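>>> Here is a sequence with its predicted model. Questions after.
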Amino acid sequence: MNCKLCLVKPADKKGSHIVPAFILKTLFERNKEFVVSIGSEAVENHIGRELTPEQIEDYMGRELTDEEIDQNYIPFIEDNIFCSDCEKKLGHLESMYADKIHKHLSKKECDKDEIFTFNNDLGLISLFWYSVILRFSLATHNKFKLKDKEHRAIRNYLNNNLKENIPELKIHVEKNINLNCPYPLGIFFNSNAIKRLSSNSVLEIPKYRNPYFLLFNEYIIILYNKASQVNGMKHSFFDLEKSFDPLRNINYNNNEECNICIIRNDVWEGIKTNIFELFAKFKHQEFIDMFRFVAEYSNLAFTKANIVHFVNRILYEDSHIADRYDRTRVLTILAEELNQLPKISR
């Protein structure tokens, strides 16, 4: 299989980071993490390799099964996506962004709303975030996928602008693409390094396609297909509007500067609450749809009360939080509920 960036060299690199490690640094300690993936059928737990059995049991409420150990993986690392040369180029870009941009943002206590303006860095910042978004879309264990046309455009842009070494990349982003932002970006930040108010997440918001709405731990990224679409339709951004008018802070091609908006702590917590509530609604609807589909396929008579009882058992019946949405548990409850329903008489 060839590299998914250059499309030429063999994808021989092991352990590629889907999301750069420095972005995930305040989310968990490397190899000692509990990562939760929200999938289409269930919520999956992923356990860091260096956690002790006691730490795992404290989180899970039980020991890992042999099957869970065999299937365990951390969803932000994958093998054989890129060639070693492209991986190095991405690494140079990460290093520049981390040193020049991220370390300055991380010093903020985020006790007020403010706009951090970076002059002459639009090329670097946009190139970096395109690289993160492309990798996130490429991830095997990830629901988020760019549309084919967008994928090709961003891949080509990256392939044409990444460089072999940091000095060459530095000159390129400062002299050649310093004002480039071909795919409009909104970048919003709240530091989790200082106060660690609560845990963050890495996820995309389903059904947001233009713009895409992505949460990468401390960052919210809004990505548009093209500039003409920024003001083409009104969107809700989960109360981000309490701090900023998001559309006024979208970075475009040929902007004189790049704005990264610092979101104050209370607004950030509200945004996350709204996002998680939306995911809860999506998950509940998946359970409802599952129940309806199987019951109707099996020619069973059911009422709204049967569906409510099924969902409530999943949500509230005694179960450790780590196993609440386990696929086997959900299917077991479904079978038990369906077995109590009568057949529809013909």
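Right, received. Where do you want to start? What you see is a predicted model, and the numbers here were worked out from it, not measured in a lab. Numbering: from 1, shown residues only.

>>> how about the helices in the stretch 201-346 of the chain?
Along the stretch 201-346 of the chain, counting by DSSP state H, counting those that start in this stretch, helices occupy 265-297, 304-316, 327-338.

>>> repeat for the stretch 1-150 of the chain
Along the stretch 1-150 of the chain, the stretches classed as helices by DSSP H, counting those that start in this stretch are 21-24, 53-60, 66-71, 84-97, 103-105, 122-138, 148-161.

>>> quick one on the thing from earlier: take the helices of the stretch 201-346 of the chain and write them to a markdown table, including distance to Arg248 and mean pLDDT.
Heads up, the C-betas are built off the backbone N, CA and C, glycines and all. Shown next, in a markdown table, are those (distance: least, CB to CB, whole Å; pLDDT from 0 to 100):
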| stretch | distance to Arg248 | mean pLDDT |
| --- | --- | --- |
| helix 265-297 | 16 | 88 |
| helix 304-316 | 39 | 90 |
| helix 327-338 | 43 | 88 |
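
>>> Any idea which of these gets closest to Asn2?
Ranking the helices of the stretch 201-346 of the chain by their distance to Asn2 (criterion: CB to CB) puts helix 327-338 first, at 33.6 Å.

>>> List the neighbours of stretch 87-94 that are in contact with it.
5, 13, 16, 20, 22, 82, 124, 127-128, 131, 135, 162-166, 169 (CB atoms under 8 Å, 6 or more residues apart in numbering).

>>> I'd like the average pLDDT over it.
Taken as a whole, stretch 87-94 carries a mean pLDDT of 96.

>>> List the buried residues for it?
87-90, 92-94 (16 or more other CB atoms under 10 Å).

>>> quick one, domains of this structure?
Segmentation of the chain into domains, based on automatic domain parsing, reads 83-263, 276-338.

>>> Quickly compare those domains and say which is most buried.
Stretch with highest mean neighbour count among those: domain 83-263 (a mean of 17; mean count of other CB atoms under 10 Å).

>>> circling back to that earlier point, can you list the helices of the stretch 1-150 of the chain in TSV and add distance to Val330?
Shown next, in TSV, are the helices of the stretch 1-150 of the chain (distance: least, CB to CB, whole Å):
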stretch	distance to Val330
helix 21-24	28
helix 53-60	17
helix 66-71	16
helix 84-97	38
helix 103-105	40
helix 122-138	27
helix 148-161	32
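
>>> per-stretch mean pLDDT over those helices, give me the minimum one.
Among the helices of the stretch 1-150 of the chain, helix 66-71 scores lowest, at a mean of 50.

>>> Not counting stretch 216-228 itself, show me its contacts.
Taking CB under 8 Å, 6+ apart as the rule, stretch 216-228 contacts 19, 23-24, 26-27, 105-106, 129, 132-133, 150, 183-193, 200-202, 210-215, 230, 237, 240, 246, 250, 252-253, 263, 271.

>>> and the residue positioned nearest the centre of the chain, bridged to which residues?
Geometric centre of the chain, nearest residue: Leu203, 2.6 Å, by CA atoms, centre = their mean. Here Leu203 sits in beta bridges with Leu215, going by DSSP bridges.
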